[in-house]
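[1] Just a sequence and a predicted model for now, questions to come.
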Amino acid sequence: MQPLSKQMQNLEAFRELISTPRNIVITTHFKPDADALGSSLGLAGYLKKKGHKVTVITPSDYPKFIAWMAGNEEVINYEDYRLRGKTNHAIAHADIIFCLDFSVLARIESMAEPVRQSKAIKVMIDHHTFPEDFAQFVYHDIKAAATAQLIFQLIELLGDKDLLDVEICECLYAGIMTDTGSFRHPSTTPAVHRIAADIMELGVNTNLIHRRIYDSSTMERMKFLGYVLSEKLVVLPQYRVAYFTVTAEELKRFNSQTGDTEGIVNYGLQIEGVVMSVIIVDRPEAVKMSFRSVEEFAVNQIASKHFSGGGHKNASGGKTTGIGLEATVEKLLSILPEYQESLLAVKS
Ligand code: 5GP
Ligand code: MN
């Protein structure tokens, strides 16, 4: 059963909560993307203007192409062991912990227990399916295009639009732009375009943000992309599925950095007739999978049923541990017959 989207019903209690200066921690999911980091730093900018002390802690590092946002220098990576004492102290003694762009604590990996055990009031703001019940305040809407959209709307609901500035809006725009696939996914509603228009009117150079994120590849990354597209793409027309595999050796050979495989999965969907595209990458911690689909074909069901993951209907992630890359591919191939009928039913 899919829970209905829960709007923040207790807005007045929330307004009261943030009406006096608080110690606030903001966190987001492991390997943050532009929406995770942009919603976190956008919210941080707003809360700082309201007089709060804000610490943004990410459970891991994130790609260089998003490391330009205002507040980026102050972000603490939980994987930095030298800061672990300070970080755990901040989590344990926070008044409020905001959990953005994820809705199950497992997605913050080793931060999950410290956050769960903290006496802080927890606020979850997110747009992923199947939220866990761990927060006292929830603003959850699976129809939202991005968590950054929810942050913008929350600031609007609180009557604080005048506090928005270029730095905050650059962060939020990055989240909305990337999670909508540059305003082309079906999540791109008139409301999303209106928010983007408001952000442009505030003076944000949206073209610059697009270039910082999408036009900042290294030569090595371009060669890696070329190699993966020419050598590693497999298309299964009988299922309308495309998939890529990337071995640990290939990651090393192309000196792959965090974020270098991001977006490659989308190329599979550019092939006529393809309904689902998957990239399978042999990472040290697990074999990681990214799923993308079109129309009603729901990849989050495949990710959660077979690959310990989840996400959105058309964009999900998952993993296997202990079986390796080849067996993961075999597992994917073995489940395809189960989905063949639905894959073939999608109009193109
Ligand atoms: P990506 O393929 O970019 O890693 O993930 C696509 C979408 O699925 C993102 O919104 C991401 O947050 C979500 N996602 C990725 N991995 C998982 C997972 O293990 N569990 C859940 N619930 N969502 C995931
Ligand atoms: Mn998001």
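    Cool, the structure landed. Ligands and ions are numbered 1, 2, ... in the order given.
[2] Which residues does stretch 84-99 contact?
    17-18, 22-28, 40, 43, 55, 57, 76, 78, 80, 105, 108, 111, 114-115, 117-126, 134-135 (CB atoms under 8 Å, 6 or more residues apart in numbering). The C-beta positions use only the backbone N, C-alpha and C, and glycine is treated the same way.
[3] at 7 Å instead, please
    17, 22-27, 43, 55, 57, 76, 78, 114-115, 118, 120-125, 135 (CB atoms under 7 Å, 6 or more residues apart in numbering).
[4] What's the mean pLDDT across that stretch?
    Average pLDDT, stretch 84-99: 97.
[5] Just confirm yes or no for it near ligand 2.
    No: if you take CB under 5 Å from the ion as the test, stretch 84-99 misses ligand 2, and the best it gets is 12.6 Å.
[6] okay, now the closest residue to S216 other than its chain neighbours: neighbour count?
    Residue nearest to S216 in three dimensions, not counting chain neighbours: F65, with 4.7 Å by CB to CB, 6 or more residues apart in numbering. For F65, the neighbour count with other CB atoms under 10 Å is 22.
[7] correct me, but F65 touches S217?
    No: shown here, F65 and S217 do not form a contact pair, counting by CB atoms under 7 Å, at 8.2 Å.
[8] quick one: average pLDDT of stretch 208-220?
    Stretch 208-220 shows a mean pLDDT of 96.
[9] chain center to that stretch: distance?
    Centroid separation for stretch 208-220 versus its chain: 18 Å, with CA atoms, centre = their mean, to the nearest Å.
[10] Buried residues in that stretch, which are they?
    Buried residues in stretch 208-220, counted by 16 or more other CB atoms under 10 Å: I209, R212, I213.
[11] Among those, which lie within helices?
    I209, R212, I213 (DSSP state H).
[12] tally of neighbours for S39?
    Using other CB under 10 Å, S39 is surrounded by 32 other residues.
[13] The helix or strand in which it is found near ligand 1 anywhere?
    S39 is located in helix 34-49, with elements delineated by DSSP states H and E. No: judged by CB under 6 Å from any ligand atom, helix 34-49 makes no contact with ligand 1; its nearest approach is 7.5 Å.
[14] Report the distance from that helix to the chain centre.
    Averaging C-alpha positions (CA atoms, centre = their mean) puts helix 34-49 14 Å from its chain's average.
[15] ok, now stretch 112-120?
    Put simply, stretch 112-120 sits 21 Å off its chain's centre (CA atoms, centre = their mean).
[16] and what of stretch 321-332?
    How far stretch 321-332 lies from its chain's middle: 24 Å, per CA atoms, centre = their mean.
[17] Which residues does that stretch contact?
    Y243, T245, T247, V278, I280, D282, A286, V287, H306, T320.
[18] If we use 10 Å, what do you get?
    With contact meaning CB atoms under 10 Å, 6 or more residues apart in numbering, stretch 321-332 is reached by 234, 241, 243, 245-248, 278, 280-283, 285-289, 291, 302, 306-308, 318-320.
[19] E338 looks like it's in a strand, true?
    No: E338 is assigned helix when assessed by DSSP: H, G, I helix; E, B strand; the rest coil, not a strand.
[20] which residues touch it?
    Per CB under 10 Å, 6+ apart, neighbours of E338: I302, K305, H306.
[21] Please pick the buried ones from those.
    I302, H306.
[22] mind putting the contacts of E338 in a markdown table, pLDDT and secondary structure included?
    Listed next are the contacts of E338 as a markdown table, based on pLDDT from 0 to 100; DSSP: H, G, I helix; E, B strand; the rest coil:
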| residue | pLDDT | secondary structure |
| --- | --- | --- |
| I302 | 98 | helix |
| K305 | 97 | helix |
| H306 | 98 | helix |
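[23] circling back to that earlier point, can you go through the contacts of stretch 321-332 and name the buried ones?
    241, 243, 245-246, 278, 280-282, 286-289, 291, 302, 306-307, 318-320.
[24] mind listing what E79 touches?
    By CB under 10 Å, 6+ apart, the contact list for E79 reads F30, T58, P59, S60, D61, T87, E109, S110, M111.
[25] Which of the helices or strands spans the nearest residue to the second one once chain neighbours are set aside?
    Leaving out its chain neighbours, the residue that sits closest to T58 by CB to CB, 6+ apart is P32, at 5.2 Å. For P32, there is no host helix or strand (DSSP H and E).
[26] and H306, what is it in contact with?
    By CB under 10 Å, 6+ apart, the contact set of H306 is M289, G318, T320, K331, L332, S334, I335, E338.
[27] Try it again at 7 Å.
    Neighbour list for H306: K331, I335 [criterion: CB under 7 Å, 6+ apart].
[28] Most neighbours out of the contacts of E79, which is it?
    Taking other CB under 10 Å to define a neighbour, the member of the contacts of E79 with the most is M111, carrying 25 neighbours.
[29] Would it be right to say that that one lies in a strand?
    No: judged by three-state DSSP, M111 forms no part of a strand; its state is helix.
[30] Pretty sure it sits against T27.
    Yes: M111 lies in contact with T27 (CB under 7 Å); the separation is 6.4 Å.
[31] Determine the residues that are contacts of both of those two.
    Going by CB under 7 Å, 6+ apart, residues that sit against M111 and also against T27 are P59.
[32] Nearest to ligand 1 among the buried residues of stretch 208-220?
    I213 (13.8 Å; CB to the nearest ligand atom).
[33] G175 against A145, yeah?
    No: the criterion here is CB under 7 Å, and G175 misses it with A145 at 9.1 Å.
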